[in-house]
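Q: Fold the following, please.
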Amino acid sequence: MARIVLLDGGTSLELLKRSTNKAPRHWSAEYLISEPDLVREVHLDYIRAGAKVVTTNAYSASFTRMAMVMAEDRVPELQRLACTLAMDARDRAGAAGADVAIAGCIPPLNGTYRPDRVRGFATNRDEYRRLGELQAPYVDLFLCETMSTAEEARAAAAAMTEFGKPVWIGWSLDDEAPRLRSGETIAAGREALEGLGVGAVLANCCPPETITAAMPDLVATGLPTGGYANGFTAIPKTFLPGKTKDQLKTREDLDPAAYAAFALGWVEAGATIVGGCCEVGPDHIAVLRERLLAAGHVIAGL
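A: Residues are numbered from 1 along each chain as shown. The predicted structure is shown next:
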């Protein structure tokens, strides 16, 4: 029996799925302004499904991403909305939200899945620090997710640990091998975080099979470990920001039961933090919760 922290699933694509706006100019951040009730609803559905950590809908609300659509000046507003909508969902959940933590989303800054687009350490650290300043008054922890390189994760961790809150790192792994998308090993990624006070390391937004293969190396880092996979068939090496649904296809073999089987395998291998990423929705999280409890595990907050 293990004590498991259950994360939510993917928010951005869940919003895209439910909204009539299928081409938001500001990507997932647009729904913060145009459909705040929908954002709140998605968070609330994850809490009701059993998630104990809800991540803010701020993945595309960075200064770099918003500058691409001439909206950099809206970042403070978007970050505030992302945080307060998650907090409001927790409040509206009643007893189910009592021990739910809000994770501030700290994303890649210059393109997802693209280690070749990762900028220098100082440039990334400085923007991450600006995002941390906006989120820190609201969130309970920072989740630096979908990191493609050791240096990218180090910059995010170096900035976020300045705010005195738990910092978790999520590496996006190669689709076909248990290594970072840069080709670096998980051990190298862990070495880059040495001395920064990171509280947990995870693998995210990659196939569940890759997370299964990587779990021994993740556990070997000596830090609390976890995983939250995506439901895509493959990630192209030339993936471009802002065109997720145009470039990626959804797997048809990863229903809630199949996904839960993968996540239970991670727990058996030593993971204590599990959830879902893109194309993993509230139904997946609800079934995962049921399977964890049936296996004798305890689902708890931070």
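
Q: give the contact list for Ile106.
A: Neighbouring residues of Ile106 by CB atoms under 8 Å, 6 or more residues apart in numbering: 128, 131-132, 135, 142-145, 156, 160. Bear in mind the C-beta positions are built from the backbone N, C-alpha and C, glycine included.

Q: Go again with 6 Å.
A: Taking CB atoms under 6 Å, 6 or more residues apart in numbering, we find Ile106 in contact with 142, 144, 156.

Q: Dihedrals phi and psi, it?
A: Main-chain torsions, Ile106, degrees, to the nearest 10: phi -120, psi 100.

Q: Out of the contacts of Ile106, which sit inside strands?
A: 142, 144 (DSSP state E).

Q: Please identify which of the contacts of Ile106 is nearest to Ala234.
A: Cys144 (24.1 Å; CB to CB).

Q: Next, count neighbours for that closest one.
A: Cys144 has 28 neighbours, counted by other CB atoms under 10 Å.

Q: and the residue nearest to it when sequence neighbours are not counted, what does it touch?
A: In this structure, Cys144 finds its nearest non-sequential neighbour in Ala156, 3.8 Å apart by CB to CB, 6 or more residues apart in numbering. With contact taken as CB under 6 Å, 6+ apart, Ala156 is in contact with 106, 128, 144.

Q: mind listing the strands in the stretch 1-150 of the chain by residue range?
A: With DSSP state E, counting those that start in this stretch as the criterion, the stretch 1-150 of the chain has strands at 3-6, 53-55, 101-106, 141-147.

Q: and of the ones you listed, who's closest to Leu81?
A: Checking the strands of the stretch 1-150 of the chain against Leu81 by CB to CB gives strand 101-106 as the closest, at 12.6 Å.

Q: can you pull the pLDDT of Thr244?
A: Looking at Thr244, its pLDDT stands at 65.

Q: so can I have CSV of the contacts of Ile106 showing distance to Asp217 and pLDDT?
A: Output for those, formatted as CSV (distance: CB to CB, whole Å; pLDDT from 0 to 100):
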residue, distance to Asp217, pLDDT
Phe142, 23, 99
Cys144, 19, 98
Ala156, 20, 98
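
Q: Now tabulate the contacts of Ile106 in CSV and tack on distance to Glu279.
A: Shown next, in CSV, are these (distance: CB to CB, whole Å):
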residue, distance to Glu279
Phe142, 24
Cys144, 21
Ala156, 24
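
Q: any idea which of the contacts of Ile106 is closest to Ala213?
A: Cys144 (22.2 Å).

Q: Return the residues in contact with the closest one.
A: Neighbour list for Cys144: 106, 156, 169 [criterion: CB under 6 Å, 6+ apart].

Q: Could I get the buried residue list for stretch 221-229?
A: Neighbour-count burial for stretch 221-229, counted by 16 or more other CB atoms under 10 Å, picks out 221, 223-229.

Q: gap between the two ends of that stretch?
A: End-to-end distance for stretch 221-229: 19 Å, by CA to CA, to the nearest Å.

Q: That stretch: how far from the chain's middle?
A: In terms of CA atoms, centre = their mean, to the nearest Å, the centre of stretch 221-229 is set 13 Å apart from its chain centre.

Q: what's the weakest-modelled helix or strand in the chain?
A: Every helix and strand of the chain was ranked by mean pLDDT, DSSP states H and E. The lowest is helix 244-247, at a mean of 70.

Q: Can you name the element that comes right after that helix?
A: With elements assigned by DSSP states H and E, the helix or strand that comes after helix 244-247 is helix 256-268.

Q: Now do that next one: which elements does it pack against?
A: Here helix 256-268 touches helix 208-219, helix 282-294, going by 3 or more CB pairs under 6 Å, 6 or more residues apart in numbering; DSSP states H and E.

Q: Tabulate those helices (a markdown table), appending distance to Ala86.
A: As requested, the helices and strands packed on helix 256-268 are exported to a markdown table (distance: least, CB to CB, whole Å):
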| stretch | distance to Ala86 |
| --- | --- |
| helix 208-219 | 25 |
| helix 282-294 | 15 |
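
Q: can you list those helices in TSV and add mean pLDDT and distance to Pro236?
A: Output for the helices and strands packed on helix 256-268, formatted as TSV (pLDDT from 0 to 100; distance: least, CB to CB, whole Å):
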stretch	mean pLDDT	distance to Pro236
helix 208-219	98	16
helix 282-294	98	24
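
Q: wait, which of the ones you listed is closest to Thr20?
A: Of all the helices and strands packed on helix 256-268, helix 282-294 sits nearest to Thr20, with 19.5 Å by CB to CB.

Q: I'm done for today, thanks for sticking with me.
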